[in-house]
Structures are given as C-alpha cells and as structure tokens.
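Trainee: quick one, fold the following:
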Amino acid sequence: VSDYSALLKECVKNKVLPTIQIENSTAASALASAMKATGCYDVNVISADASALKVIRDSNKISRTGLIYGLTVSKLTSKEAHTVRGAVKSAPANFVVFPDSTYVSKQVVMELQELGCPVWVKTAATKGSADFEAEIVKVLATGVNGILTQSEDEVHTLINKHFASSSFIRTPNIVGHRGYAAGGAIENTLESFKLAYEYGATFFELDVYSTSDNGLVLYHDNKLAYNTTHNYNTNYSGSKYIEQMTLAEIKNVKYTKDNSNITQFYEVLEYFKDKDIRIFIEFKGGQTDRTVKYTAEAVKKYGMEDRIVIICSATGFLENAIKYFNGTVTNSFVYANNSLTGYAPQDTPAWSAAETREENLSIMSFLLNRVGHTNSNFGPALGAVSQGFNKDNFLGEAATNRGIQVNPWTYGSYVNNNIGFFSDVDSITTDLTDWSKNMARYITASNISLETGKTYDGSGVTYTTYGRETKAVDTANLTYTLKNTELRLHYCF
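Mentor: Numbers count the residues shown, from 1 in each chain. Coordinates of the predicted model:
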C-alpha cells in the first residue's frame, strides 16, 4: 500500500473494517501516522515481525494485531500450543495468523482457542477452482475464527453449500463457575473443582487472594462470611479483610458446612497438574502486584503456564499479569452492567440497552479504549449486553471480526445455558456444568471404508463428549451423500 491515509479514508467512507498486512517497523510507523492523521484506529494489523506489531500497539489502544506464525505440525501438545500463544501474546498480538492451511487441523485450532488465542488462516487456492472449494471447506471444518481469502462471497456460498444452517464448526468451552457448587460442594474448594472436572467442564474458574504474608487462598468475598446462609459461611467472627490476614490465621478458619479448611491455591495446582482441564484465574482484592506475583510463581513452579487464562475486572491485575507471566498468557477483562472498575457508572454506556449493531460497536470502542493495552479478550456479564448479546450477538460479531474472544458469565440456569451455547460465544461460565457432560463437543472421522453397492454404516465416525467420553455415532441420526470421491456426513445430536 503506497498511501495508508487514502486507504483508511476509503474504508471509513464505505464502512469497511480493514485488515492490513505490514512487513516491518518502517511500514508500521507509516501506518500509525496515517491512523493518527485520519482518526481511523479501528484496524486489524497483521505481520510476521513482532517489532512492527509493537509499533502499532504502542501508537494506540484501539487497533488489534495478529502475528503471522508458521505452523509445521498438524497436532500440538498443550505445552506446544502455549509456545505458540506465548509468541503471539508477547508480540504483542491478539490473534495468530497461519500463513497457509497445510497443517491447520481441528486439534490445533481447539488447543489455541482454549488458551484464549483466536486463529486466522490464509488460504492460497485460486478462487473458482476445485482446490479453492476443498481448501475452504477443510479450513471451515477446523472451526477457525477468521479466513483470509481471495473471495469472501464465494466462501459464503460454500458455507451454504456444505454446512447445514444449524451446524457448529466449533463449540464453546464450558467453565465451571467457582467449580461446581451446585453439585453439593462448597464453592472455590478443591472438592468443587473436582466435581467440575467430573461433570465435563473444559475449565473451572477460581477466585484468588494473597494473604499478608504472601500465601494464596481461594474465596470470593473480600471478607470471610460469618453467620450467613451462604454455603461458604465460616466460623471466623473477626473483622479483617482476607488480604490483611496471615496464612496461619486463614488455616485456623473452618467452613461451617463441613468443618473443612479454606482451599489454598497450591492444592489445586498439585491435584490438577496432570489432568485434562484448564483454569480461569480471577484475581480478587486490592493487592494488584503481590497477588499476581506470587500466583505467577506458583503456576511456574508447577509448570502449568499452558493451563491458565487470567480474568479480572481491574486493569492493574491485567497489567501485572503481563509483567509477571512475561506477556505469554491470555488476559480476559470481565465487566458487569454499567460497571467498570475505576470508572464511574455515569461515564459508561447504557450497556443493558445495547441491542443494535451500532450500540455494540460503541461498547467495543469503549472497552478497547480502557483495556486495549492489556491485550485482553472480553468477559461480559449477561446483563451487560442484553439482547445485543443473547439474541443477535452483535458484540460477539464485532469481537470475532477484530480477533477478540467473548467469554460471558455467569449462566445460572439450563435455559440460559442453551441461549449461550447457541450465541456463538467462545466459552460459557456456568453454575451448572452437568448440563453439558453428555453433549458432543466434537466429531472425529477416520479410516472410513466405502464399498460399492453397500450402505455406509457410520463406521469410522465417533464423537467426544464434554465429559471426555468417546462414543460411536447413532446411525439413526446420521445422513450422508456421496458424489464422486467426496463423502458428506451430517450428524444430528
């Protein structure tokens, strides 16, 4: 591009969201100057040069960045996926861009998406060719968040041709809110997290405080509950905040429900270090440096950087997460209706009434202005975006188009779980993880054998549930069409 200013003006005129690839810091500086001159910062910028992306991110909080990263394998371990995420987030970038589709697979995409790293893919086949159709269908089936293509219109045509209207190319992660207290355990305890795992959660969410002597304990409120009806009620009758107490004082406190102790953070890491589940860590209280520092030390001690996502409603915690995790983990900014930590309600948009695309774009702009520098995904409370989220999901649309995940909280009923599941969000934080335990999370097809004149019986096709069970498909729900050498399967759950 020889004239970035002219390009940006044209995009504003035609209401087009541009994605611009740059090669180096010189080009980045020219683009940053053009954005400042035109006032157009709503731009996605991609590059293989991390220093170029840093120039863009240092120039403003609104623009998003994507790191072009060469993929050389079609399967990633959790730690390998974290290596990719680390390169992306420390660039700094919001999302990864694979320069071709050769090694892009469902497994790679799911690993990175779980780690809060949206995936975009460049396709290479020539528009209108058979190779183009095959490549686009393959990439779509992996569940990627974005496709860079020669023909957007033709991609939409292929979606309508190959995918039923109710198809899921990806399903949301299920996050157990403070574990699975609805299953009978006390929230924010090891037993609650064990239940979340047992009932099929992809993640569980916990709340962590630091004690005055740098211990790490799990609790939601800033004071220990006493003489209440909460299931987390304790026998502590003092007046200290958790952050003012020593770890020894905390250890002397018992839950009144079962006389058990307050769970320490290390206990959770120790128990789940070898289990297939990840953790949303929400920082609580006012110790924005101390709590993050010692949490990072604990996570690194157990080698579990690849298992966590940081969520928080205070920018100080998010900034320090970048500092103490060396910029390699994912942040997610959580917020409630008309509430942003550090900002008065009168300064925030009326989010509960946000129903149109334009109103949700206004929310997006507001959020990026506040927390864009923390490289965060977004975690809205259900009431924060009303019908614009639950019905049409305009906020999800705006975020996906900008390389940002949306992770709403907290779903407290099966009805709301259903709404969330069909809203194309990236995760659902719920009190009811049992709801999805037996639901299919993804389908796998391999070693399919077809014989002339015989009916295909579904062999080679399995599905894996959120509860981590792999099952054969029910052939009564399986339909297929065969054209030349192409087999198209449709499975209804």
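Trainee: can we go C-alpha only for contacts and neighbour counts from here?
Mentor: Will do.
Trainee: for this protein, give me the ranges with low pLDDT.
Mentor: Filtered on pLDDT under 70, the chain yields the residue ranges 336-355, 383-392, 481-488, 490, 493.
Trainee: what's the separation between the residue nearest the centre of it and N393?
Mentor: Centroid-nearest residue in the chain: G116, 3.9 Å away (criterion: C-alpha atoms, centre = their mean). For G116, the distance to N393 equals 19 Å [C-alpha to C-alpha, to the nearest Å].
Trainee: the residue nearest to the centre of the chain reaches T330, doesn't it?
Mentor: Yes - under the criterion of C-alpha atoms under 8 Å, G116 makes contact with T330 at 5.8 Å.
Trainee: what do those two both touch?
Mentor: Listed as contacting both G116 and T330 by C-alpha atoms under 8 Å, 6 or more residues apart in numbering are 309, 377.
Trainee: give me the residues contacting stretch 248-265.
Mentor: 188-190, 208, 215-219, 231-236, 242.
Trainee: among those residues, which ones are in helices?
Mentor: Within these, residues falling in helices by DSSP state H are L190.
Trainee: quick one: which of the contacts of stretch 248-265 is nearest V84?
Mentor: Proximity to V84 was ranked across these by C-alpha to C-alpha; first place goes to V208, at 26.9 Å.
Trainee: from T189, how far out is that closest one?
Mentor: 11 Å.
Trainee: overlap in contacts, the two.
Mentor: With C-alpha under 8 Å, 6+ apart as the test, V208 and T189 both reach L218.
Trainee: more neighbours: which of the two?
Mentor: T189 (26 against 23; other C-alpha atoms under 10 Å).
Trainee: residues in contact with the more buried one?
Mentor: 178-179, 218, 262-263.
Trainee: same question, A52
Mentor: 22-28.
Trainee: so for D49, what's the nearest residue that isn't a sequence neighbour?
Mentor: Distance criterion C-alpha to C-alpha, 6 or more residues apart in numbering; nearest residue to D49, sequence neighbours excluded, is N24 at 6.0 Å.
Trainee: could I get the full set of helices for the stretch 151-300 of the chain?
Mentor: Assigned by DSSP state H, counting those that start in this stretch, the stretch 151-300 of the chain shows helices spanning 152-162, 190-198, 247-251, 265-272, 290-301.
Trainee: follow-up on the earlier one: quick check: the farthest pair among the contacts of T189?
Mentor: Within the contacts of T189, G179 and I262 form the most distant pair, 14.2 Å apart (C-alpha to C-alpha).
Trainee: neighbour-wise, which of those two wins?
Mentor: For G179 and I262, the more surrounded residue by other C-alpha under 10 Å is G179, and the numbers stand at 32 against 22.
Trainee: against F203, how distant is the more buried one?
Mentor: Computed as C-alpha to C-alpha, the G179 to F203 distance reads 9 Å.
Trainee: quick one on the thing from earlier: buried deepest among the helices of the stretch 151-300 of the chain, which one?
Mentor: Mean neighbour count (mean count of other C-alpha atoms under 10 Å) peaks for helix 190-198 among the helices of the stretch 151-300 of the chain, with a mean of 23.
Trainee: output it in PDB with nothing but the alpha carbons.
Mentor: C-alpha atoms of helix 190-198 as PDB (Å, rounded to 0.1, in the frame of the first residue of the first chain):
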ATOM      1  CA  LEU A 190     -10.900 -28.400  45.800                       C
ATOM      2  CA  GLU A 191     -14.000 -30.600  46.000                       C
ATOM      3  CA  SER A 192     -16.000 -28.200  43.900                       C
ATOM      4  CA  PHE A 193     -13.300 -28.100  41.200                       C
ATOM      5  CA  LYS A 194     -13.100 -31.900  41.300                       C
ATOM      6  CA  LEU A 195     -16.900 -32.000  40.600                       C
ATOM      7  CA  ALA A 196     -16.500 -29.500  37.700                       C
ATOM      8  CA  TYR A 197     -13.900 -31.800  36.100                       C
ATOM      9  CA  GLU A 198     -16.100 -34.900  36.700                       C
END
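Trainee: the inter-axis angle of that helix versus helix 265-272?
Mentor: 30 degrees (axes from the mean of the first three to the mean of the last three C-alpha atoms, to 10 degrees).
Trainee: which residues touch helix 190-198?
Mentor: Contacts of helix 190-198 (C-alpha under 8 Å, 6+ apart): 176, 178-181, 183-186, 203-204, 263, 267-268, 277, 433-434, 467.
Trainee: how about stretch 372-379?
Mentor: Stretch 372-379 is contacted from outside by 57, 61-62, 89, 92-94, 116, 311, 315, 318-319, 322, 330-335, 404-409, using C-alpha under 8 Å, 6+ apart.
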